[in-house]
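Colleague: Could you look at this predicted model? Sequence included:
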Amino acid sequence: MTTSTTPARPEGPLADIAHLRHTAAHVLAYAVQDLFPDAKPTIGPAIENGFYYDFDRTEPFTTEDLETLAARMREIVKADYPMTGRRVSREEAIEAFRDNPYKIEIAREIPEGDPITLYTIGGFTDLCRGGHADSTGAIGALELESVAGAYWRGKSENPMLQRIYGTAFVTQQELDDYHAFLEEAAKRDHRKLGAELDLYHVDEMAGGGLIFWHPRGAIMRGLVEAFIRDGLRERGYLPVVTPHIVHENLYATSGHLENFGDSMFGPIEVEGQRFRLKPMNCPGHILIYANEGRSYRDLPLRYSEFGTVYRFELSGTLHGLTRVRGFTQDDAHLFCTPEQLQAEFEQTVDEALRLMEAFGFSEFEYFLSTRAERGATDEIAEAAIRNALESHNLPYQIDDGGGAFYGPKLDINLRDAIGRKWQLGTVQVDFVLPERFELKYRGSDGQDHRPVMIHRALAGSLERFFGVLIEHYGGNFPAWLAPTQAMVVPISEHQLDYAYEIRGRLRARGFRIDTDASNEKLGYKIRHWKTQKLPYILVVGKSELADGTVNVNERGIDEKRTVSVDAFAEELAARIAAKR
RNA sequence: GCUGGCGUAGCUUAGCGGUAAAGCACCUCGUUGGUAACGAGGAGACCGUGGGUUCAAUCCCCACCGCCAGCUCCA
């Protein structure tokens, strides 16, 4: 269950499957040319799980159109047209596509000296740099998936094109596997499980992107918070709590208004003063730092807060728990001397790994995002990040210009149980905000110095992290996280008092236990609690009552065991301690 | 925000120009059952909201709201 195949990451050479899918995109464009001659093809690349092709056409493509197109595509595949390329001059290319401004634009922009090539299958020729299968017959299985709007070149001021998504594989078996993967992903969808397991909801009356945590979800969130808090305490972080709404001035000083005003909720005016919902916790933590004089002897100073922030996200982008308008970060800001920067940064990376491993994640990717306009301090900050990664032997990729407005950052991505990537934690080095707020500390030399800040959120947003956990575990939460760890189920009402007694004994030991007092047959109750994915169901009938035992029905295990209540308590305690 | 699709009971869905049907969940009664659905009965829907067309709208048209898939954005 937790180790299904991941067609998203084929074992074979990635380039081959990309070539195949790119060829499939040509086949799609060929079919569109035949069936919808008014549509102008633009671009059609291979993507992670398939391909797409963007067309300019007034009439939208319908679901029926997709079926017709797919049928035509299969004919083209069957005909096994060879893919032939030829190099042409820029003028020839422009002439060949004189009715297609998009292709002309591409042809014009190809750098001088680079080859300009046309590729042909059967009766369809496309301007394309190449990278194809030898012939259309190489496509063993294909299908069209959906239509969506997409801006030409991804710019919202450009005309909107119609993008047709599809996928293609060498064999039908691979396509079947891909479907199985999608089905598995759908089963794990946190929006579906969130409702089924009664964890949270989003309410139309309250607005999109705002999460209502139900008791079961809130219990889990509390456990996650407690785990994180324990780690922070051990590492010398100090808790702080800051307001959700403050004078706009604070964000003017920090630069957030100027840099991210579009993503902030608008001002709230009272008594002629403008307030803003907080979009980030850092300015608040800075005020605490700046509230008194600091000495180098105080540093590093590490302030942590489960800080709830509000950011305006476009309605169309909201998505369950993973893309919201109000969320709580496991945030912390470290104020340190430049000499301490390296060690502090490394320490946050250690903590990130401890966190992710506790939740059963084992595959990580690291992205170093640099700042577009780099100054001398950015060099120092980048070096600190690189050194931290290299000293931990962590390979990383570089995202040029993807950094925060105040400095470069390290993003930690992970893969879940079925191989999907998620972006969670981030650690950022900041020389800018200390400058803007004129932060200082008295050095051993008696002079004032500027501290460096590290911003870090390891789970990121608790909402998002919770969404990822739901999908990662598929709702089968380990006992230490499960909102209800065991349900005591009497076979008949003659054992109900005994069931309550067991519940009381286990609750007294701190476990999260309930009793099913419903008037249903055993099979019904078992089924019900299985679908609720409880780690343990404790069945008690005549013989258990007589012996003072419980019959343990453990999630994922067919064999049942009859053990004493104390033995079960020991087992559960051990499992919780091991975070299983 | 943009493109397309979709909004019927708590959930999943059927239906259709004449104010609605089923399964699950829920409640009641019977039943006291040994590991993934016991039986019977009951209650539950202004068919997303507002306009329009029509003798008549859940159904057709328009707008808005929400959801879904993308795009864009993502400190």
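Modeller: Everything's here; your move.
Colleague: Please count neighbours and contacts with C-alpha atoms only from this point.
Modeller: Will do.
Colleague: In three-state terms, label A:Tyr119 for me.
Modeller: Using DSSP: H, G, I helix; E, B strand; the rest coil, the structure places A:Tyr119 in strand.
Colleague: ok, now how distant is it from A:His22?
Modeller: Distance of A:Tyr119 to A:His22, computed by C-alpha to C-alpha, to the nearest Å: 12 Å.
Colleague: more crowded one of those two?
Modeller: Remark: of A:Tyr119 and A:His22, A:His22 carries more neighbours, 26 against 19, as counted by other C-alpha atoms under 10 Å.
Colleague: Can you confirm whether whichever helix or strand A:Phe466 is part of lies near RNA strand B?
Modeller: Using DSSP states H and E, A:Phe466 maps to helix A:462-473. No - Helix A:462-473 stays clear of RNA strand B (C-alpha under 7 Å from any atom of the strand), getting no nearer than 11.5 Å.
Colleague: And for stretch A:64-77?
Modeller: No - Stretch A:64-77 lies apart from RNA strand B when judged by C-alpha under 7 Å from any atom of the strand; the minimum separation is 10.4 Å.
Colleague: What lies in contact with that stretch?
Modeller: If you take C-alpha atoms under 8 Å, 6 or more residues apart in numbering as the criterion, stretch A:64-77 is touched by A:27-28, A:30-32, A:35, A:136-139, A:142-146.
Colleague: check those residues against RNA strand B, which are close?
Modeller: Near RNA strand B, judged by C-alpha under 7 Å from any atom of the strand, the entries from the contacts of stretch A:64-77 are A:Ser146.
Colleague: Can you flag the buried ones in the contacts of stretch A:64-77?
Modeller: With burial judged by 16 or more other C-alpha atoms under 10 Å, the buried subset of the contacts of stretch A:64-77 is A:27-28, A:30-32, A:136-139, A:142-145.
Colleague: now, among those, which is nearest to RNA strand B?
Modeller: Each of the buried ones among the contacts of stretch A:64-77 was checked against RNA strand B using C-alpha to the nearest atom of the strand; the closest is A:Glu145, at 8.0 Å.
Colleague: Packing partners of the helix or strand harbouring the closest one?
Modeller: Using DSSP H and E, A:Glu145 maps to strand A:141-151. Using 3 or more C-alpha pairs under 8 Å, 6 or more residues apart in numbering; DSSP states H and E, the elements in contact with strand A:141-151 are helix A:63-79, strand A:160-169, helix A:172-188.
Colleague: Quick one: mean pLDDT over the helix or strand just after the last one.
Modeller: Think helix A:172-188. Using DSSP H and E, the next helix or strand after helix A:172-188 towards the C-terminus is helix A:190-196. Taken as a whole, helix A:190-196 has a mean pLDDT of 92.
Colleague: how about helix A:190-196: buried residues?
Modeller: Those would be A:190-191, A:193-194, for helix A:190-196 by 16+ other C-alpha under 10 Å.
Colleague: which other residues reach that helix?
Modeller: With C-alpha under 8 Å, 6+ apart, helix A:190-196 has contacts from A:187, A:199-201, A:320-321, A:467-468, A:470-471, A:474-475, A:532.
Colleague: What is the subsequent helix or strand relative to that helix?
Modeller: Downstream of helix A:190-196, the next assigned helix or strand under DSSP H and E is strand A:200-202.
Colleague: which other residues reach that next one?
Modeller: Strand A:200-202 is contacted from outside by A:194-195, A:208-214, A:217, A:320, using C-alpha under 8 Å, 6+ apart.
Colleague: Next: stretch A:526-544.
Modeller: With contact meaning C-alpha under 8 Å, 6+ apart, stretch A:526-544 is reached by A:196-197, A:475-479, A:482, A:484-492, A:495, A:498-499, A:549-555, A:562.
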